[in-house]
Each structure stands twice: as C-alpha cells, then as structure tokens.
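Chemist: when you get a sec, could you give me coordinates for this:
(one chain, ligands or ions: 1)
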Amino acid sequence: MKKSMLFAGAISLTLLVGIRLASLAAAEEFPAEWTEPTRPFRIVGDIYYVGTKGLAAYLIRSGGEAVLIDGTMPENAALVEANVEALGMPLGDVDILLLSHAHIDHAGALAELKRHSGAALYASEGDRWALENGKHDGDSAYSFLTFPPVTVDHALKDGEVVTVGSLELTATLTPGHTKGCTTWSVPVIENGETLRVVFPCSLSVAGNVLAGNMTYPTIAADYRRSFGTVGAMEADVVLPSHPGLGGVLQRAARRDAGDPRAFVDRALLKRIVDDARAAFEKELSKAKR
Ligand SMILES: [Zn+2]
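Modeler: From the prediction side, this is the model:
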C-alpha cells in the first residue's frame, strides 16, 4: 500500500515537473514578436498581410470572396481578426481558411478563427490528423506542443485549385516539415504586370526526428522531394509563413518609401530552398551518426 502510494506520488511529481519543463521550454521557444501586433497592409494584387510582427497570416480577396492562409498562434486570433476588419472586411466574409502546415505557430488560431468566421477549413489529408488532434504528427522534439484542435471540412489534393473571385490558388503538397505541408501559389496583377506569388511551406528541420522516425518513416525522402518541388517553382514574390525569412515587413517599408518593386525578388525562393536543404543534410548526417 505504502509502496504504491509512493509510486503514485512519484508519477504525479514527474508529471508536474514534465508539464513545468514543457511550459518553460515553450515560453523560451516562442519569440516575443510572434505575438506582437503589427498593422495590416496590402502586399501585391489582392493579397494582404494580417499577421503579427513575427508570424504571417495572409488574406486574399477578390470578387467578394476571401480566403485566409494561416492563423498564427492560438492567442493571436483576436489580433488577426482585428487586422482583417481594419481592412474594412468583417471576418464573417472570409469563406475559406487555408494553412501552410499544422503547427501551433501557424494553425494555432484556426479553431477560434473558424468559429468566429464560419469559414470552411481546407487542408491536406496529410495534416488532417495533426489539425484534428491539435499536435504534431510524427516524432519530434516539440511533440509536447499542443494547440486547439480544428475540424477539416475539405481534404485538398496535390495540385488542387481553390478559386477566390477571379484568382486561382494552387495547392502543392511539399511534405517533410509536416506530413501535409502545403505550398500555395497564385498569379496576381500588380501595376499591369502578372506576378507569380508563392507561399512556400516551411522546409526547416525544426525538431523533427530525421533518422528512425517511427511515426513518420518517409520523412527524409519527403523533405528531399519537397526541396526539388519548391526549388523548381518560379516565384516573383515569396511570402513565407515566417515573414522574416522573406523580409516581408521590411519590403513593405521599402515599397511605402517609394520602391514599387520592393516585393519582387526572383532569386529568393531558390535561396530559401538552398539554405533549408543544406541545413537539412547537415542535421540528417548528424542524426545518422
Ligand atoms: Zn512548423
């Protein structure tokens, strides 16, 4: 009797310490700018920035229809909602929620945004489990991070086109970072010129177990295929879910200061892919040692 009580006590202490460590790690993990507000602004064509300083949410609207790509952190739902409404659009006018991938920093606010907007969530089959369970699917150093689960209303196929007014957004599946990581692309018109806009899904390792991943055995092959897929895409404008990766806010400042082509950078996507591939191969060879 005494022994089992002690055992139970040890378990609860371990649990408490575990939870404490997890929340400490989480607090240290998240940069302050991820939850810092920033004003919304038009990027190019009908694409608007409605995220925080450090995490992107993109609103695309055309012909009375609108979609949102990513919601950012769970606590940011009200900030994103306020940014959409500051652009003169009630959140309820958003028809469809899309996402780059099912991690807390991009999908965390989707449940609340879905409730408030009444929009349908379209996501890849590969990310469905993670979204509906509110946690990363696969072996990862960050498996303890959870976010409010959200139901997927429509499973996107590779190459599927989502229409927003006169715009056509294409979903390209680029798994690795998550099982259903989705890269979005859309051509828009800016100053009479067609610009190919790409929203690349994350390609970073970010705590993923690359060798011997029991719950995602094909992870390394998926990453490598996705480097090829995204590396082969032509992009005039790159809008990552981590805006710092593409200097999105800095480009907006440059554009506002008089440079009309501040967002155009045809070498950026290849640079992002090359950097991610190099970091991945380094991590993979370390993991195999
Ligand atoms: Zn991620």
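
Chemist: in this protein, which spans are strands?
Modeler: For the chain, the strands defined by DSSP state E cover 41-42, 47-49, 58-62, 65-69, 96-98, 120-124, 154-156, 161-164, 167-173, 182-190, 193-199, 237-238.

Chemist: give the other helices and strands that the last one contacts.
Modeler: Yep, that's strand 237-238 we're talking about. Packing partners of strand 237-238 (3 or more C-beta pairs under 8 Å, 6 or more residues apart in numbering; DSSP states H and E): strand 193-199, helix 268-288. Every residue, glycine included, has its C-beta placed from N, CA and C.

Chemist: this structure against the ion: which residues are in contact?
Modeler: Residues of the chain found near the ion (C-beta under 5 Å from the ion) are 103, 202.

Chemist: can you report how many residues lie near whichever residue of the chain sits closest to the ion?
Modeler: At 3.5 Å from the ion, residue 103 is the closest residue in the chain, using C-beta to the ion. Look at residue 103: counted by other C-beta atoms under 10 Å, it has 25 neighbours.

Chemist: ok so, going back, residue 34 is nearest to which of the strands of the chain?
Modeler: Closest to residue 34 of the strands of the chain is strand 47-49 (C-beta to C-beta; 14.7 Å).

Chemist: same for the closest one, what does it pack against?
Modeler: Counting by 3+ C-beta pairs under 8 Å, 6+ apart, strand 47-49 packs on strand 41-42, strand 58-62, helix 248-256.

Chemist: rounded mean pLDDT for the longest one, please.
Modeler: It refers to helix 248-256. For helix 248-256, mean pLDDT is 98.

Chemist: which ones are touching the nearest residue to residue 131 once chain neighbours are set aside?
Modeler: Among residues not flanking residue 131 along the chain, residue 102 sits closest, at 4.8 Å (C-beta to C-beta, 6 or more residues apart in numbering). Contacts for residue 102 (C-beta atoms under 8 Å, 6 or more residues apart in numbering) come out as 123, 127, 130, 131, 136, 137, 178, 180.

Chemist: much appreciated, bye for now.
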